[in-house]
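A.B. asks: Turn this into a model:
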Amino acid sequence: MTAPAVEARGLTKHYRKGAAVVRALDGVDLVIGRGELVAVVGRSGSGKTTFLDTLGLLLRPTSGRVLLDGEDTGGLSDGARATLRGRKIGFVFQEFNLLPGLTALENVLLPLRYTKVDGGRERAHELLATVGLDARAGHRPTELSGGEQQRVAIARSLVNGPSLVLADEPTGELDTDTSAEIVALMRRMNRERGVTFVIVTHDADVASRADRVVRLKDGRVLSDERAAAAV
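C.D. replies: The predicted model follows:
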């Protein structure tokens, strides 16, 4: 049996705030299959970003486990977690996080500084062409629109050949039409390349394009349902 793309088992993440304990995650159990596109929704403070960062091995949970492609990551050292993250996970952020002094191509190539991938430059060019920016490869972020910058960020998230891409409010800085284009692009990458996407969003239109919508409240899974568009 093929292992899920990523699995959360009893995840908790607690912070101290003075004398109080903030339960950012409070016992999250969730299995995300290979090739799914899952939207994670909920009010501010519901634990969405903490959940995404924990799945992405950027945060260690207070308790519980994250399994990536069936591998239990709980006992890994920080270095081993970084190596695994670099090989198997891509990230897309709300504010694009492109380096202003680098061209679009150089930004796409950034993850490969830490992960050995044969033919990386050719892969980066191919991905820029896939997202419709092959003619803009030599342009810096200030010379690109918001939508173009996010397309570069999506290409960057895929350059290391990940099995999982985590996107935190990827359309939050974009207008409605550009948001729709970016969601359509992520859906196309999901279907054509079989990459699993987990997208944190406040946007109902984004969530409606997912296979599943997971709703968090107070650090817990409130509901996990098929999206209407996926039925």
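
A.B. asks: mind listing the strands for this protein?
C.D. replies: Ranges of strands in the chain, per DSSP state E, are 6-17, 20-32, 37-41, 63-68, 71-72, 89-93, 164-168, 196-200, 212-217, 220-226.

A.B. asks: Switch the ones you listed over to JSON lines; also include mean neighbour count.
C.D. replies: C-beta: built from backbone N, CA, C; applies to glycine. Compiled in JSON lines, the strands of the chain are given as follows (neighbours: other C-beta atoms under 10 Å):
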{"stretch": "strand 6-17", "mean neighbour count": "17"}
{"stretch": "strand 20-32", "mean neighbour count": "17"}
{"stretch": "strand 37-41", "mean neighbour count": "24"}
{"stretch": "strand 63-68", "mean neighbour count": "18"}
{"stretch": "strand 71-72", "mean neighbour count": "12"}
{"stretch": "strand 89-93", "mean neighbour count": "22"}
{"stretch": "strand 164-168", "mean neighbour count": "24"}
{"stretch": "strand 196-200", "mean neighbour count": "25"}
{"stretch": "strand 212-217", "mean neighbour count": "20"}
{"stretch": "strand 220-226", "mean neighbour count": "14"}
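
A.B. asks: Of those strands, which is nearest residue 111?
C.D. replies: strand 89-93 (7.5 Å; C-beta to C-beta).

A.B. asks: thinking again about what came up before, got the strands of the chain as a markdown table, with mean pLDDT and distance to residue 50 columns?
C.D. replies: Shown next, in a markdown table, are the strands of the chain (pLDDT from 0 to 100; distance: least, C-beta to C-beta, whole Å):
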| stretch | mean pLDDT | distance to residue 50 |
| --- | --- | --- |
| strand 6-17 | 94 | 5 |
| strand 20-32 | 94 | 4 |
| strand 37-41 | 96 | 11 |
| strand 63-68 | 96 | 12 |
| strand 71-72 | 94 | 20 |
| strand 89-93 | 94 | 15 |
| strand 164-168 | 96 | 11 |
| strand 196-200 | 97 | 10 |
| strand 212-217 | 97 | 9 |
| strand 220-226 | 95 | 12 |
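
A.B. asks: Pipe the ones you listed into a markdown table and attach distance to residue 145 per row.
C.D. replies: Below are the strands of the chain laid out as a markdown table (distance: least, C-beta to C-beta, whole Å):
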| stretch | distance to residue 145 |
| --- | --- |
| strand 6-17 | 32 |
| strand 20-32 | 31 |
| strand 37-41 | 24 |
| strand 63-68 | 34 |
| strand 71-72 | 39 |
| strand 89-93 | 16 |
| strand 164-168 | 19 |
| strand 196-200 | 21 |
| strand 212-217 | 29 |
| strand 220-226 | 34 |
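
A.B. asks: For residue 157, find the nearest of the ones you listed.
C.D. replies: Using C-beta to C-beta, the nearest of the strands of the chain to residue 157 is strand 89-93, at 3.2 Å.

A.B. asks: Walk me through which strands the closest one pairs with, and which way each runs.
C.D. replies: strand 164-168 (parallel) (DSSP bridges).

A.B. asks: Run the angle between the strand it pairs with and strand 37-41 for me.
C.D. replies: Put simply, strand 164-168 runs at 30 degrees to strand 37-41, going by axes from the mean of the first three to the mean of the last three C-alpha atoms, to 10 degrees.

A.B. asks: got the angle for strand 164-168 vs strand 6-17?
C.D. replies: Using the same axes, to 10 degrees: strand 164-168 against strand 6-17 is 40 degrees.

A.B. asks: Pull the distance from strand 164-168 to the chain's centre.
C.D. replies: 1 Å (C-alpha atoms, centre = their mean, to the nearest Å).
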